[in-house]
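>>> no sequence for this one, just the structure:
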C-alpha cells in the first residue's frame, strides 16, 4: 500500500506547482462576497494625484471579480478589466452585464491584447505578487500612453496585531501553499519591497497608505479567510480543521459578536 504521507506530499507539490492564473479557481464566489473594498480616499487620491478625469482610459489588470473595477466605472468612461481566471471572469461578466463602460478581457497580465500606448493609467489590486514582474513591466511600458502611470495596491492585514499573528499560525498549519499574507510581501511604510522597487526602477518607488480596518461578524471573518488562494476548499482535507481554528480566533476576540480586523491599504507608485 502506498504510504499516505507520500501521497500527501505529492498532492502538496501539485498545488504549489499550480499556475498562478488558476490559484483562485473554486474561490470566485466567496472571493466576491467577502473580499473587502478599498477606502474611498484611495480612489479620490488616484484621481487627484495622477490628474485623471472621466475621459481617461483605465486598465484594471488582475481584475478578479471586479471589486475595484466597479468603483472605477463610477469615475471613468472606459475601463478594461483584464482577468485570466475563468471562474473570476464569470463573476465579472455577471457583475457588468450590459455596462458599456467596461470591457472584460481574458488575458494574462504579461500579455494583454490592449493596443500599444492606449491606456492612461494601470491599477493592479491584490495581484502583482502573482505576476512575472519583468514581463509585466514590459507590458506596462507597451500599453501605457506617454506619461501614463501604474499603481500597485494591496489591502494588508496589520501583522503587528496579536490576533493577526495567531491567524498567520493557523494558516501555516492548515494551508500547505501559504507563504504569508499577500504572497509573503511586507507592506510596512518604512521599507518598500525590493520587487516593487525593481518594478518602478529607474524611478524611485513611493508608498501612500490608508487605514482600512474591517468590522466583521463571524461569517464575514471566516469568509474573508476562505477567499484566499491558499485556503482549503469545502470537502478538502484541512477544511474542517481550518474552520474550527478560525472560529476559535473569532470567539476569543469578539465583542458583541463583532471583531475589528486591523488592516491598511498600501498604494505603490513611481515618485515624480
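Perfect, I can see it now. Quick caveat, the model's predicted, so the values are computed rather than measured.
>>> Now do residue 191 against residue 40, distance only.
Applying CB to CB, to the nearest Å, the value for residue 191 to residue 40 is 27 Å. Yep, even glycine has a C-beta here, placed from its N, CA and C like the rest.
>>> same check, this time on residue 237
Here residue 237 is placed at a distance of 40 Å from residue 40 (CB to CB).
>>> do residue 108 as well
30 Å.
>>> Comparing the two, which shows the higher neighbour count?
Using other CB atoms under 10 Å as the criterion, residue 108 and residue 40 rank with residue 108 on top: 21 against 10.
>>> isn't that one right up against residue 62?
No: using CB atoms under 8 Å as the test, residue 108 is too far from residue 62 to be in contact (9.1 Å).
>>> pLDDT score for residue 94?
The model reports residue 94 with a pLDDT of 92.
>>> Next: residue 183.
pLDDT, residue 183: 71.
>>> three-state assignment of it?
helix (DSSP: H, G, I helix; E, B strand; the rest coil).
>>> wait, what's in contact with it?
With contact taken as CB atoms under 8 Å, 6 or more residues apart in numbering, residue 183 is in contact with 129-130.
>>> Longest strand in the chain, please.
If you go by DSSP state E, the chain has its longest strand at strand 144-157.
>>> ranges for the strands of this structure?
For the chain, applying DSSP E gives strands covering 57-61, 78-82, 102-105, 119-125, 144-157, 205-211, 214-216, 259-261, 263-270.
>>> Show me what counts as buried in the second one.
Of the residues in strand 78-82, those scored as buried under the neighbour-count criterion (16 or more other CB atoms under 10 Å) are 78-82.
>>> Can you show me the helices along this protein?
Assigned by DSSP state H, the chain shows helices spanning 4-17, 28-34, 40-49, 67-73, 86-95, 133-143, 162-174, 194-200, 218-226, 239-253.
>>> Could I get the average pLDDT for the second one?
Spelled out, that is helix 28-34. Averaging pLDDT along helix 28-34 gives 71.
>>> Equivalent analysis for the fourth one, please.
The predicted model assigns helix 67-73 a mean pLDDT of 95.
>>> In this protein, which residue is most central in space?
For the chain, the residue sitting closest to the mean C-alpha position, by CA atoms, centre = their mean, is residue 126 at 2.0 Å.
>>> Would you confirm that that residue contacts residue 182?
Yes: under the criterion of CB under 8 Å, residue 126 makes contact with residue 182 at 7.2 Å.
>>> what touches both of the two?
residue 154.
>>> related to what we said a few turns ago, kindly reformat the strands of the chain as CSV and extend each row with distance to residue 168 and mean pLDDT.
Shown next, in CSV, are the strands of the chain (distance: least, CB to CB, whole Å; pLDDT from 0 to 100):
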stretch, distance to residue 168, mean pLDDT
strand 57-61, 28, 98
strand 78-82, 30, 97
strand 102-105, 34, 97
strand 119-125, 22, 97
strand 144-157, 8, 95
strand 205-211, 20, 94
strand 214-216, 17, 93
strand 259-261, 13, 93
strand 263-270, 13, 94
